[in-house]
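1. Mind folding the following:
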Amino acid sequence: MSLSLTLIVIIITVVTSLLAWNNANLFERWMFTPYLIRTRNQYDRFLTSGFIHNDWGHLLFNMITLYFFGTAVEQYFRSPLLFLVLYLVGIVVSSLPTYAKHKNHSHYHSLGASGGVSAILFSAILFDPIRGLYLFFIPIPIPGFIFGILYLFYSAYRAKQANDNINHDAHLYGALFGVAFTLVLFPSVISNFFYQLANWNIFN
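-> I've put the predicted structure just below:
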């Protein structure tokens with residue numbers, strides 16, 4: 001049985017996160033540090049930071065979301081290359097506003113695949129906003145568009161707290177990139193999106 005590209009990305013991300021947790025030098029080198037990107041030209045941090053996470057909770061939240069929506073996007077795109085571009089460029093693009101904001105702040109660091117995961121999530125929502133997600137111990141599926149809204153509200157709340165190394169702003173910018181990228185490739189998806197919402201019945 002062949003692995004989906006989504007599962008391959010998840011396995012790589014789990015492995016690299018574990019490696020970083022057990023190697024402080026590697027953890028520091030792969031983090032998103034705008035000041036070092038600017039002063040030492042370490043541009044690889046834009047991407048490496050998307051493959052390490054703060055802790056198990058952070059890793060599981062991102063990878064569970066990616067698992068549920070990534071395979072769907074693979075099917076919609078029917079192109080491994082486009083899927084990888086969406087995910088990897090999503091990680092980079094979602095960090096650009098943070099880079100501009102903190103490029104002169106030597107104390108700022110962040111990490112996580114949030115931008116890429118958010119790009120995948122909102123691309124999937126455009127194709128199938130009603131797609132259900134069984135989240136942790138909730139016995140009924142949560143429609144994708146509702147999960148997406150909750151996802152952004154949670155990100156905005158955590159961004160205001162700013163008490164961890166997670167770039168919560170990347171959720172928003174990753175979502176915007178995912179929507180824009182998908183609409184450029186599949187402009188007709190927007191009419192299908194609103195059609196599904198208009199015909200959605202909470203009791204179905």
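2. mind checking which helix or strand the residue nearest the centre of the chain is in?
-> Averaging the C-alpha coordinates of the chain gives a centre point, and the residue nearest to it by Cα atoms, centre = their mean is residue 117 (1.9 Å). Using DSSP states H and E, residue 117 maps to helix 114-127.
3. Would you list the strands that the helix or strand just after that helix pairs with, along with their directions?
-> The element immediately downstream of helix 114-127 (helix or strand, assigned by DSSP H and E) is strand 132-133. With DSSP bridges as the criterion, the sheet partners recorded for strand 132-133 are strand 142-143 (antiparallel).
4. Show me what the mean pLDDT comes to for the helix or strand just after the strand it pairs with.
-> The first helix or strand that comes after strand 142-143 along the chain, using DSSP H and E, is helix 144-161. Averaging the model's pLDDT scores along helix 144-161 yields 78.
5. Just the buried positions in helix 144-161, please.
-> Within helix 144-161, the residues that qualify as buried by neighbour count (16 or more other Cβ atoms under 10 Å) are 144, 145, 146, 147, 148, 151, 152, 155. C-betas here are computed from N, CA, C, even on glycine.
6. Quick check: the first one touching residue 131?
-> Yes: taking Cβ atoms under 8 Å as the contact criterion, residue 144 and residue 131 are neighbours in contact, 4.5 Å apart.
7. Overlap of the contact sets of the two?
-> When contacts are counted by Cβ atoms under 8 Å, 6 or more residues apart in numbering, the set common to residue 144 and residue 131 consists of 69, 124, 125.
8. Looking at those residues, which one is closest to residue 176?
-> residue 125 (12.7 Å; Cβ to Cβ).
9. which regions of this protein sit below the pLDDT cut-off?
-> Judged against pLDDT under 70, the low-scoring parts of the chain cover residues 1, 134-139, 159-165, 202-204.
10. Of all the helix elements in it, which one is longest?
-> helix 56-77 (DSSP state H).
11. What residues of the next helix-or-strand element following that one count as buried?
-> Later in the chain than helix 56-77, the nearest helix or strand by DSSP H and E is helix 80-93. For helix 80-93, burial by neighbour count (16+ other Cβ under 10 Å) applies to 82, 83, 86, 87, 88, 89, 90, 91, 92, 93.
12. Relative to residue 5, how far out is the fifth one?
-> Which is residue 88. 12 Å (Cβ to Cβ, to the nearest Å).
13. since we're on the residue nearest to residue 141 when sequence neighbours are not counted, how many residues are nearby?
-> The shortest distance from residue 141 to any residue other than its chain neighbours is 2.7 Å, reached at residue 132 (Cβ to Cβ, 6 or more residues apart in numbering). Residue 132 sits with 14 neighbouring residues when counted by other Cβ atoms under 10 Å.
14. possible to save the shared contacts of residue 144 and residue 131 as CSV with neighbour count?
-> Shown next, in CSV, are those (neighbours: other Cβ atoms under 10 Å):
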residue, neighbour count
69, 27
124, 26
125, 26
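15. ok so, going back, bridge partners for the residue nearest to residue 141, pull those for me.
-> According to DSSP bridges, the residues that bridge with residue 132 are residue 143.
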